[in-house]
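J.: could you look at this predicted model? Sequence included:
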Amino acid sequence: MYEATRLAYLEALGVTNWIPRDPLSGVPARPPALLLPEAEPQQPQPPKPQAAPADTLSAAPRIEIPRPGKPSVAAPVAAPEPVVEPAPKPTGPAAEPVAPFYLQLWQAGPCLLLIEAPEPGLESAMPGFILLQDILRAVQLPDRPALLGDFRWPLNRNPQLDRSAGAASLGLQAFMRGRVEGRELVSLGCFGSATTLLVDADLAQADTLLGCEEALDDLPPAWFSPDLESLLRQPARKAELWALLRRVRSRWQGTQ
């Protein structure tokens, strides 16, 4: 019997195959091709990496995987608040608050008269109004002036509003521009220190403007005098005013 056939029968019968160490007598030698291969020695496998601790996994960034049919919603990111720099506050004389005052605006021919007076203003029987009529007659202006309006400072009783000299100056200039629009005027007479806010927001410089004539934007040339009360109490001030009026009266004498 061939060796291969014999081994096949033994395997079918459940007999473990075996190979004799030494050649048997009367048994043909086994073909080399039928020899079973020797088992290769197994190499040690590297140890499997252990699972990372829970605290290490929690430190890793979480990746959101969108599920089908459910839109992924990103967490809202708060926008940084803009840095708002406070507006610089004005300093100097223009930022100082101005005490309340009252002005009346009159028109005598081609000349306007801005007069500082106590409220409720000038009346026909008051000494100050009589003095004003004498001044107008002396410089050949109508001695019956017409009242055009009045200006009160502060503009509002709200204490939160700006009451600085700069705000008073801007308010008075706006008041005057609104009254002269559409009128043929050649001169503006100003009586009182508060009227100098038309030129300078520093009332401390008011005395330097008394007796002077100044050019103003969008307004007739203005000349400045002490208030009527000071003219009544100090005769020397009347002489200074008369010297000023002799210089400026040519502005309206040629238009009458």
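T.: Perfect, I can see it now.

J.: residues contacting Phe175?
T.: Leu105, Gly149, Phe151 (C-beta atoms under 8 Å, 6 or more residues apart in numbering). All C-beta spots, glycine's among them, are computed from the backbone N, C-alpha and C.

J.: quick check: it is in a helix.
T.: Yes: according to DSSP: H, G, I helix; E, B strand; the rest coil, the state of Phe175 is that of a helix.

J.: could you list the low-pLDDT ranges of the stretch 1-150 of the chain?
T.: 1-2, 14-21, 24, 26-94 (pLDDT under 70).

J.: which residues in the stretch 151-256 of the chain form helices?
T.: Counting by DSSP state H, counting those that start in this stretch, the stretch 151-256 of the chain has helices at residues 165-180, 206-209, 228-233, 235-248, 250-253.

J.: same list (those) but as JSON lines, adding mean pLDDT.
T.: Putting these into JSON lines (pLDDT from 0 to 100) gives the following:
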{"stretch": "helix 165-180", "mean pLDDT": "92"}
{"stretch": "helix 206-209", "mean pLDDT": "88"}
{"stretch": "helix 228-233", "mean pLDDT": "94"}
{"stretch": "helix 235-248", "mean pLDDT": "92"}
{"stretch": "helix 250-253", "mean pLDDT": "87"}
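
J.: highest mean neighbour count out of those?
T.: Of the helices of the stretch 151-256 of the chain, the one with the most neighbours on average (mean count of other C-beta atoms under 10 Å) is helix 165-180, at a mean of 18.

J.: buried among the contacts of Phe175? Need that as a selection in PyMOL.
T.: Of those, the buried ones can be selected in PyMOL as follows, counting by 16 or more other C-beta atoms under 10 Å:
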select buried, resi 105+151
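
J.: for the contacts of Phe175, which one is nearest Gly178?
T.: When those are compared for distance to Gly178 (C-beta to C-beta), Gly149 wins out at 8.6 Å.

J.: identify the bridge partners of the closest one.
T.: On the basis of DSSP bridges, Gly149 is bridged to Leu105.

J.: who's in contact with it?
T.: Gly149 neighbours (C-beta under 8 Å, 6+ apart): Gln104, Leu105, Phe175, Arg179.

J.: recalculate using a threshold of 10 Å.
T.: Counting by C-beta atoms under 10 Å, 6 or more residues apart in numbering, Gly149 touches Leu103, Gln104, Leu105, Trp106, Phe175, Met176, Gly178, Arg179.

J.: tally up the residues packed near the nearest residue to Phe101 once chain neighbours are set aside, please.
T.: Spatially, and ignoring its direct neighbours in sequence, Phe101 is nearest to Ala194 (4.3 Å; C-beta to C-beta, 6 or more residues apart in numbering). Per other C-beta atoms under 10 Å, the neighbour tally for Ala194 reads 24.
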